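1. sequence unknown, structure follows:
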Ligand SMILES: C[S@@+](CC[C@H](N)C(=O)[O-])C[C@H]1O[C@@H](n2cnc3c(N)ncnc32)[C@H](O)[C@@H]1O
């Protein structure tokens with residue numbers, strides 16, 4: 001293990017023994033996941049999320065139903081509650097109306113996958129007003145809450161999509177996005193669920209295709225087994241370069257606000273591991 005392979009907030013004593021042992025089998029597990037993913041139907045059939053029904057608070061409900069929030073939430077749902085993404089084939093085009101979105105379509109573009117309740121995405125969009133941000137989520141209370149907060153802040157550089165990031169990215173042009181961020185993705189802790197982990201060789205093909213050359217992929221997790229799994233998958237992924245050097249995690253960057261799941265992990269005594277890769 002390299003000296004840099006420590007979490008940003010080291011808490012090894014707090015880890016369960018089974019979790020630590022699991023880290024040692026990460027190499028075999030990533031190999032097995034790669035062979036399962038060889039099935040061409042894999043990314044359509046195996047979802048990285050489990051839609052959960054949770055209560056919508058008043059603000060989120062308002063944002064999901066009141067047409068004034070359509071300037072943030074760009075798509076509608078079908079009758080099963082799935083976001084309809086078929087027509088979204090260009091994220092930059094969402095910023096074409098320069099009266100509403102003065103940065104225009106050519107501004108640097110960040111795409112956040114699985115923004116949860118959206119707090120950290122809103123903070124980032126606010127802190128970097130000349131950059132455009134698009135967030136995608138499947139969790140309706142989060143979509144509603146994020147749109148509500150965007151409107152409260154009067155943001156003009158943020159769009160929100162309700163839907164599965166994998167399906168969406170498959171419809172986007174190559175070399176389209178400057179930065180993709182995936183913060184605290186579901187760790188899918190049980191071995192039989194590892195195939196649902198977002199960071200996998202097959203899904204990274206889909207992610208990497210849409211990143212511009214020289215653009216980046218940034219992820220972070222509070223789950224040690226997943227941290228080493230990601231390091232293994234990403235360091236060995238052709239076309240990506242680890243900005244911290246092979247085998248290393250990156251120090252926590254200042255520009256990444258604390259996310260809800262990060263805080264939850266820290267409260268439980270977990271560490272935090274960041275990884276940033278550039279597309280060659
Ligand atoms: C563990 S939560 C983390 C939320 C937030 N990033 C945070 O750090 O607080 C992971 C989120 O990713 C979303 N998600 C998982 N797979 C997704 C996908 N394929 N497309 C869109 N959202 C996804 C889930 O709905 C969930 O809200």
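-> Yep, that arrived. Bear in mind that the values here come from a model prediction, so they are computed numbers and not experimental data.
2. ok, residues contacting the helix ranked longest in the chain?
-> Using DSSP state H, we find that the single longest helix of the chain is helix 140-153. With C-beta atoms under 8 Å, 6 or more residues apart in numbering as the test, helix 140-153 has contacts from 54-57, 59-64, 68-69, 72-73, 81, 115-119, 121-122, 125-126, 135, 137, 158, 160, 162. Using the backbone N, CA and C atoms, a C-beta is placed for each residue, glycine as well.
3. that's a strand at residue 229, yeah?
-> No - according to DSSP: H, G, I helix; E, B strand; the rest coil, residue 229 belongs to no strand; its state is helix.
4. OK, contacts around the one residue sitting closest to the centre of the chain?
-> Compute the mean C-alpha point of the chain, and by C-alpha atoms, centre = their mean the closest residue is residue 182, 2.4 Å away. Contacts of residue 182 were listed using C-beta under 8 Å, 6+ apart, and they are 112, 113, 114, 198, 199, 217, 218, 219.
5. same thing but at 7 Å, please
-> Taking C-beta atoms under 7 Å, 6 or more residues apart in numbering, we find residue 182 in contact with 113, 114, 198, 219.
6. reformat these into a markdown table and put pLDDT, distance to residue 268 and secondary structure next to each item.
-> Below are the contacts of residue 182 laid out as a markdown table (pLDDT from 0 to 100; distance: C-beta to C-beta, whole Å; DSSP: H, G, I helix; E, B strand; the rest coil):
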| residue | pLDDT | distance to residue 268 | secondary structure |
| --- | --- | --- | --- |
| 113 | 99 | 23 | strand |
| 114 | 98 | 19 | coil |
| 198 | 98 | 21 | coil |
| 219 | 99 | 20 | strand |
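7. restricted to strands, list the contacts of helix 140-153.
-> 135, 137, 158, 160, 162 (DSSP state E).
8. relative to the ligand, how far out is the residue nearest to residue 91 when sequence neighbours are not counted?
-> Spatial nearest neighbour of residue 91, chain neighbours left out: residue 134 (5.0 Å); criterion: C-beta to C-beta, 6 or more residues apart in numbering. Look at residue 134 and the ligand: by C-beta to the nearest ligand atom, to the nearest Å, they are 12 Å apart.
9. next, count neighbours for residue 216.
-> 19 (other C-beta atoms under 10 Å).
10. assign a three-state SS to it, would you?
-> Residue 216 - assigned by three-state DSSP - is strand.
11. what parts of the stretch 51-200 of the chain come near the ligand?
-> Selection of the stretch 51-200 of the chain residues close to the ligand by C-beta under 6 Å from any ligand atom yields 113-116, 136-139, 142, 164-166, 183-186, 198.
12. filter the contacts of helix 140-153 down to the buried ones and hand me the ChimeraX line.
-> Filtering the contacts of helix 140-153 down to the buried ones (16 or more other C-beta atoms under 10 Å) takes a single ChimeraX command:
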select :56,59,60,61,62,63,64,69,72,73,115,116,117,118,119,121,122,125,126,135,137,158,160,162
